[in-house]
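>>> A predicted structure for the sequence below; I have some questions about it.
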Amino acid sequence: LIEEYIKKKFAEYYNLFSWRIIEPKEAAKREFGFLLFKEKIMVRHKCFSNINDLHNFIKTIVPSDVYYSSAYYLKPEEEMKRKEWLGADLIFDIDADHIDTICKKEHDKWICKNCGYIGEGSPPEACLKCGEDKIQSETWICQKCLEKAKEETLKLTEFLMKDFGFEKENIEVCFTGHRGYHIHIDSKEVLQLTSDERKEIIDYVMGIGADSSMLNFVDEQAYGWAEKIALTIKHNELKKHLIFNKKKLMRKIESIIKEKAVKVDAVVTMDIHRLIRLPETLNGKTGLRAVKVDLTRLKDFNPFIEAVALEDGEEKIYVKEAPKFLLGGEEFGPYKKEKATLPTAAALLLICKGKAELVS
Ligand SMILES: [Zn+2]
Ligand SMILES: [Zn+2]
């Protein structure tokens, strides 16, 4: 069975590398959750006061995904309403799902479970043919999409440091092992923020409410959005031409805002009880590692090399369909209804994404 194979590979990884999993700050006050391979059941409300207990638990049950709460609780093991919320880290989720990239049309598709219609790119709310909402989407992790997600992450961290004054040491960036990045901030200033207050931060970084009226604040002492606009216009050769054409300048400002705004999933940041993927665990959708990335080297981080979890061995598989992809410095595919012998990590990725089966 495919699921058993994936679980076996995950077990190999955790036996070798569970030591990589570092205890989150104040772990004893956090809730942990584990998605099991079997029937995709979520085991939650778990608590670990000792990191070795957590390593052993993961090695024993071998989950498909591991999560921990961004929140701190007095009683993390109790059911939700009895936990007694004490505060929560500030979390951001940047995912290719929320970013428009042209390449999605080439590697993503959606299938209507009602009428069987197949469409390209991101799934619509309702089927374009029959109007039903039983839509299943098939996505791919693509280099261009992940590069875009990284750019958004870099934009966000700049906002967090420059506009909000957070220290580098308090910003943790983690590749999710799939199509994006998580950004965690655990400084004491954020812990008590309400959901609405977190929404204010989201609005700011998304440029909601920033518009061409910012022009009135654009001067030498400008700060925040006004400063970003001022700097861009200053560096723009068109400046002297634009200044005589106010309408054109307004449009220019709107486009600067659009370019500088961060594309981030607001729901994740606003949820103060969120369970979030634990760094250095495996992502069940890909078999790749959720990698903690040092902010100073985020620019050069290559998930297609550094997120490879299992570096040894190979596997013979039957690939239904897969686009060309890079992993571990090697190029694979494209494949269509064919057998192939691939390194374990590449085979595992195709199997986890539902694009290949094992050949016995
Ligand atoms: Zn349909
Ligand atoms: Zn793409």
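Nice, I can see it. Ligands and ions are numbered 1, 2, ... in the order given.
>>> near ligand 2, which residues of the protein show up?
Residues of the chain lying close to ligand 2 (CB under 5 Å from the ion) are Thr101, Cys103, Cys142, Lys144, Cys145. Placement of C-beta: from N, CA and C, glycine included.
>>> so the second one touches Glu147, yeah?
No - using CB atoms under 8 Å, Cys103 makes no contact with Glu147, being 10.2 Å away.
>>> In ChimeraX, how would I select the buried members of the residues of the chain next to ligand 2?
Buried residues among the residues of the chain next to ligand 2 (16 or more other CB atoms under 10 Å), as a ChimeraX selection:
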select :101,103,142,145
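>>> of all the residues of the chain next to ligand 2, which two lie farthest apart?
Spatial extent of the residues of the chain next to ligand 2 (CB to CB) is set by the pair Thr101 and Cys142 at 7.9 Å.
>>> gap between Val291 and Asn302?
Using CB to CB, to the nearest Å, Val291 is found at 10 Å from Asn302.
>>> what's the closest non-adjacent residue to the residue in the stretch 151-300 of the chain that ligand 2 sits nearest to?
In the stretch 151-300 of the chain, the residue that lies nearest ligand 2 is Arg179 (9.0 Å; CB to the ion). Nearest residue to Arg179 in three dimensions, chain neighbours excluded: Ala96, at 3.9 Å (CB to CB, 6 or more residues apart in numbering).
>>> Tell me the pLDDT of that neighbour.
Per-residue pLDDT puts Ala96 at 91.
>>> still on that earlier bit, looking at the residues of the chain next to ligand 2, which are in strands?
For those, not one is inside strands, with DSSP state E as the criterion.
>>> just for the chain, where's the confidence low?
For the chain, the stretches with pLDDT under 70 are 215-220, 234-244.
>>> so where do the helices sit in it?
Using DSSP state H, the helices of the chain run over residues 2-17, 51-61, 104-107, 143-158, 195-205, 225-234, 239-242, 246-260, 266-270, 303-306, 344-352.
>>> Export the ones you listed as a markdown table, with columns for distance to Ile41.
A markdown table is the format used below for these (distance: least, CB to CB, whole Å):
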| stretch | distance to Ile41 |
| --- | --- |
| helix 2-17 | 13 |
| helix 51-61 | 11 |
| helix 104-107 | 30 |
| helix 143-158 | 29 |
| helix 195-205 | 28 |
| helix 225-234 | 45 |
| helix 239-242 | 59 |
| helix 246-260 | 42 |
| helix 266-270 | 23 |
| helix 303-306 | 28 |
| helix 344-352 | 18 |
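>>> which one of those has the most crowded surroundings?
Comparing those by mean neighbour count (mean count of other CB atoms under 10 Å), helix 344-352 comes out on top with a mean of 25.
>>> Give me the angle between that one and helix 2-17.
140 degrees (axes from the mean of the first three to the mean of the last three CA atoms, to 10 degrees).
>>> Settle this for me: Phe159 is touching Val264, isn't it.
No - between Phe159 and Val264 there is no contact under CB under 8 Å: 10.0 Å.
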